[in-house]
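Visitor: Could you work out the structure for the sequence below:
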Amino acid sequence: MNKLKYLVIVLVALLIIPFGVFAEGEEETNTENNAEATAESTEEKKEVPLYFFRGEGCSHCAEAEEWFKSIEEEYGSYFEIKDYETWYDTENQALMERVAEARGESADGVPYIIVGNKSWNGFAEEYKEQIIDEIKTVYEEPEDERYDIMKLLTDEKKDEKKGSSDVVGLFVIIVVVGVIGYGIYQARKNTD
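Guide: Numbers count the residues shown, from 1 in each chain. Below you'll find the model as predicted:
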């Protein structure tokens with residue numbers, strides 16, 4: 001009977017450990033998120049991210065880049081360019097494809113420009129006013145309500161990571177319960 005008591009104590013201890021570890025990870029994540037939210041709420045309005053996927057040597061990309069520089073004085077406080085060179089950087093190329101896929105689009109080439117929930121593939125004269133209008137529209141939205149494809153991709157990764165750690169925890173618990181159950185079975189068998 002003593003063996004049975006020890007097995008039950010070990011079972012309880014082993015079941016509690018994974019939950020304590022996962023709870024600690026969640027607490028760290030929540031603390032980080034709260035700190036970020038507090039920092040953002042005390043700041044002035046943040047610039048709208050303008051995601052600019054381009055190719056080094058692409059004439060249309062160079063034209064778009066020059067235009068962005070030309071509007072910087074008037075609209076520079078409204079947006080921040082996030083520049084991704086895709087022709088020579090395979091990671092940026094893969095990122096552009098992931099972004100396009102997440103948006104339900106295909107990135108057929110560069111430049112590929114994203115502001116808020118709108119995108120432009122290529123660069124043409126008629127895009128200029130559309131891009132400025134979208135920058136101003138998104139800038140006026142509350143920051144926590146702005147559509148940002150990169151944040152969505154990051155959140156999806158976090159969800160995938162959290163889901164996989166939950167599966168591992170569940171697997172550990174099942175194995176531990178199985179081992180302890182077998183131990184209890186053996187202990188009872190030996191006492192009979």
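Visitor: pull the CA atoms of the helix or strand where I132 lies into CSV?
Guide: Per DSSP states H and E: I132 is located in helix 125-140. Taking C-alpha atoms only, helix 125-140 is exported to CSV below (Å, rounded to 0.1, in the frame of the first residue of the first chain):
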residue,chain,number,x,y,z
GLU,A,125,0.9,57.4,-62.1
GLU,A,126,-2.7,56.6,-61.0
TYR,A,127,-1.4,54.8,-57.9
LYS,A,128,0.1,57.9,-56.4
GLU,A,129,-3.1,59.6,-55.3
GLN,A,130,-4.6,56.2,-54.2
ILE,A,131,-1.5,55.5,-52.0
ILE,A,132,-1.6,59.0,-50.4
ASP,A,133,-5.4,58.7,-49.7
GLU,A,134,-4.9,55.3,-48.1
ILE,A,135,-2.0,56.5,-45.9
LYS,A,136,-4.1,59.4,-44.7
THR,A,137,-7.1,57.2,-44.1
VAL,A,138,-5.2,54.6,-42.1
TYR,A,139,-3.3,57.3,-40.1
GLU,A,140,-6.7,58.6,-38.8
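Visitor: and S119, bridged to which residues?
Guide: Beta bridges link S119 to I114 when assigned by DSSP bridges.
Visitor: Distance check, it against D108.
Guide: Taking C-beta to C-beta, to the nearest Å as the measure, S119 falls 11 Å from D108. Bear in mind the C-beta positions are built from the backbone N, C-alpha and C, glycine included.
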